[in-house]
Every structure is written in structure tokens, then in C-alpha cells.
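Predicted model follows, preceded by the sequence.
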Amino acid sequence: MNVMKVSIITPSYNSALYIKNTIASVQAQTLRDWEMIIVDDGSIDNSADIIRDIAINDSRIKLIQKENGGSASARNVGLQQAKGDYIQFLDADDTIAYDKLERQVELMDQKGLDVTYTDYKLTQSDGMTHSQLMGFRLNLFKLLAGWGVFGTIPLHAFLYRHSFLTKHDIRNTSEVKEREDWDFHIKVFGAYPKIERLAQYCGAYYFLCPTGKTTNGSLTKLTNGTLKYLLYKIQKTTGYHKLLLLIRLSFEMIRLAIACFRKGIDYTQIRPTLENASTQTKILTIALLPVSIILYAYYWYRIHKTHKH
């Protein structure tokens, strides 16, 4: 079996408008030893034809077609076929910097790291803006508490050692339809990898949304998705991790109350989600409200202080 240095896994669904740019950013890599596995997740546009036409002239690009099952299941299919020492996830409407793979592989080879990640840029209606996740090193605590509150970081900013993912049986959870990236990274950081950030280097580019604006409808959907995921994860988790998730849920309830007061969220769409929470979860969430206020006030202070310096 031929072993590649990097396997790039791209879930694709109706990506005809973007997939050429995504593939081009991979073909432009200074590291040439890669394979790109594009998993078409039941597209009904001509994106599969576009991929085939490009793959004819580049044998490193492989197309797999499957019935629609979501991006998590598509990534898992790609992961099963991957031969690379390292895994790079890359959505079909995102791109990576021309030297990203080379820089991360070099650092990971030198230091024996399991995971590395870079800064990223997002596209909004007002142009490109540089963004960092939290301004300090990621760990499981910060990931559980801060993801989506003080920022996020896209999946394709990371590079993972394949053997690390295999050893800890880390895959995308197909049943999770909300916050898939967050869920994947909770698993990664829960295995306590050797990890390092490439400081002051932007390796990933992605689109936040076409208009760069957040509407009331999209904010309601975003909040509802976060609450659904937290309630799902709390049921599946025990011990310290569950406590952190409950604190995060308490903080989300504070944010929800503020947003409803400002009429930024339609509570009628979120109420059914909250009603599905167990009585124990509801009691603990209320009890932990003071803890969440203190924790996030301290968090905000630390990040604000870091950015000022």
C-alpha cells in the first residue's frame, strides 16, 4: 500500500460554485506528497462532474460518491480510505494557504506532535478579517467553555496525525447534526494530544456567510443548535466533562435570556428544545448560574487583557 504524507478529506454537497477553488488551493501546495479524497454526499448539481474532469489530469484526486448522510458521515468515509500519515479536513467551499501542509508537517515531524493548528481568515461582506480562536493555547477546558463564545476555529485550520486518530478511535459522530466540528474537537482534546499552534501564521480561509450579517432567524437557529448539542452531549458524558458542559449550558441560558430581551431570538422555536432537558439537568443548570457568571467574567478579562498586549 502506498503511504501518502497527507490525506485531504473533503465532504462535498452541491459545491459546483466553490469546489474548483478548493481543489486549486490543494494543488498549489508546496508539499506535493498528498492525496485528496472528495466524498460526494448525494449532490444533485454537477459538482461530481467537475471533480471528475479535474481528477482526470491529477491522479492524487479521488472521488467517492455516496447517498446523502451529512458531512460527518462523508468525512468518516474519507477517513476510512485515507492512506496519509496526516489528516487534513477541508470543506468544499474553503481553501488553505499554499504552504500550510508543508509548515504543519515539518513542525509535527520535528516535535512528534499529534495536532497542530493555525490562525485563519474569514470572508465577510466587508472583506478579509484576521481572527484567532482565543488568543492563548487551546485545551479541553477552554474548548468546552469557550467554543462559540469567544470565537471558533474552522476544522481545516488543524492537521492531525492519522495514527493518533486511529489509536483513540476518533471519528465524526454521524448522529450529531449540530456543532459537528465542536464535537470532533471535544473528542480530540479529550484524548490529550501533543498539540501546538503555529503562531502568527494564517493557514486557513473560509466563508462565514454570503452577506456577512447575522439575522434574527439565523441567530435563533444557531442558538437552538448549540442548546441541542449541549443537551445531547450532557446525556453522553460523565464526571468533570459533564460538569463543564453544564456550566456552559448555564452560560448559554444567560445569553439566551439577554437575546430574548433584545428580541434577537424567537424563543418559541427554542422552547421545545429546552423542554426536552431532564429535570436533573434543569436543576443543575440553574444551580450553576453563579459559577458560570464568575467563570465567563474571568475568561473575558483574560482574553481582553491578552489582546491589549
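Now that the structure is in, tell me what you want to look at. Numbering: from 1, shown residues only.

What ranges does the protein have for its helices?
Applying DSSP state H to the chain gives helices spanning 19-27, 47-55, 71-81, 100-111, 140-146, 162-167, 180-190, 216-236, 239-261, 267-275, 279-287, 289-308.

could you redo the ones you listed as CSV and give each row mean pLDDT and mean neighbour count?
(Each C-beta comes from the backbone N, C-alpha and C, glycine too.) Converted to CSV, the helices of the chain look like this (pLDDT from 0 to 100; neighbours: other CB atoms under 10 Å):
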stretch, mean pLDDT, mean neighbour count
helix 19-27, 97, 19
helix 47-55, 96, 17
helix 71-81, 94, 20
helix 100-111, 97, 18
helix 140-146, 80, 18
helix 162-167, 97, 16
helix 180-190, 90, 19
helix 216-236, 82, 17
helix 239-261, 88, 17
helix 267-275, 86, 13
helix 279-287, 93, 14
helix 289-308, 76, 13
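
Determine which of these approaches residue 119 most closely.
Closest to residue 119 of the helices of the chain is helix 100-111 (CB to CB; 10.9 Å).

Show me what that closest one is packed up against.
Of the remaining helices and strands, those touching helix 100-111 by 3 or more CB pairs under 8 Å, 6 or more residues apart in numbering; DSSP states H and E are strand 86-89, strand 115-124, strand 158-161, strand 195-207.

Distance from the chain centre to it, please.
Mean-position distance between helix 100-111 and its chain equals 20 Å (CA atoms, centre = their mean, to the nearest Å).

Any chance you could list what contacts that helix?
Contacts of helix 100-111 with the rest of the structure, by CB atoms under 8 Å, 6 or more residues apart in numbering, involve 5-6, 29-31, 34, 86, 88, 113-114, 116, 118, 159, 161, 194, 196, 198, 201, 203-204.

give me the number of residues near residue 60?
The number of residues packed near residue 60 is 15, by other CB atoms under 10 Å.

Nearest spatial neighbour of it, chain-adjacent residues omitted?
Closest residue to residue 60 in three dimensions, ignoring its sequence neighbours and counting by CB to CB, 6 or more residues apart in numbering: residue 35, at 5.1 Å.

Quick check: beta-bridge partners of that neighbour?
Under DSSP bridges, the beta-bridge partners of residue 35 are residue 7.

How many residues are close by it?
Residue 35: 20 neighbours (other CB under 10 Å).

which residues touch the nearest residue to residue 295 once chain neighbours are set aside?
Excluding its sequence neighbours, the residue lying closest to residue 295 (CB to CB, 6+ apart) is residue 247, at 6.4 Å. Applying CB under 8 Å, 6+ apart to residue 247 gives the contacts 145, 288, 291-292, 295.

pLDDT of stretch 121-133, averaged?
Stretch 121-133 shows an average pLDDT of 61 in the prediction.

State the distance from the most centrally placed residue in the chain to residue 79.
Nearest residue to the geometric centre of the chain (CA atoms, centre = their mean): residue 181, 3.0 Å. Separation of residue 181 from residue 79 (CB to CB, to the nearest Å) stands at 15 Å.

and what of residue 226?
25 Å.

if we can go back for a sec, pull the contacting residues for the residue nearest to the centre of the chain.
Going by CB under 8 Å, 6+ apart, residue 181 touches 152, 154-155.

how about a cut-off of 10 Å?
By CB atoms under 10 Å, 6 or more residues apart in numbering, the residues touching residue 181 are 71-72, 89, 91, 147, 152-156, 158, 172.

and if you look at residue 240?
Counted by CB under 10 Å, 6+ apart, residue 240 has contacts 140-141, 144.

Now tabulate the residues you listed in a markdown table and tack on distance to residue 44.
What follows is these, written out as a markdown table (distance: CB to CB, whole Å):
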| residue | distance to residue 44 |
| --- | --- |
| 140 | 39 |
| 141 | 42 |
| 144 | 37 |
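
which one among the residues you listed gets closest to residue 46?
The closest of the contacts of residue 240, once distances to residue 46 are taken by CB to CB, is residue 144, at 40.9 Å.

Residue 66 reaches residue 37, doesn't it?
No - counting by CB atoms under 10 Å, residue 66 stays clear of residue 37, with 11.9 Å between them.

Now the common contact residues for the two.
Common neighbours of residue 66 and residue 37 (CB under 10 Å, 6+ apart) are 11, 74, 77.

Can I get those in CSV including distance to residue 242?
Output for the shared contacts of residue 66 and residue 37, formatted as CSV (distance: CB to CB, whole Å):
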residue, distance to residue 242
11, 30
74, 29
77, 31
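
Now do the domain split for the protein, please.
Per automatic domain parsing, the domain ranges recorded for the chain read 6-207, 216-308.

So what's the gap between stretch 34-49 and the chain middle?
20 Å.

cool, stretch 112-121 as well?
For stretch 112-121, the separation from the chain centroid amounts to 13 Å (computed by CA atoms, centre = their mean).

Can you tell me the closest non-neighbouring residue to residue 158?
Closest to residue 158 by CB to CB, 6+ apart is residue 117, at 4.6 Å.
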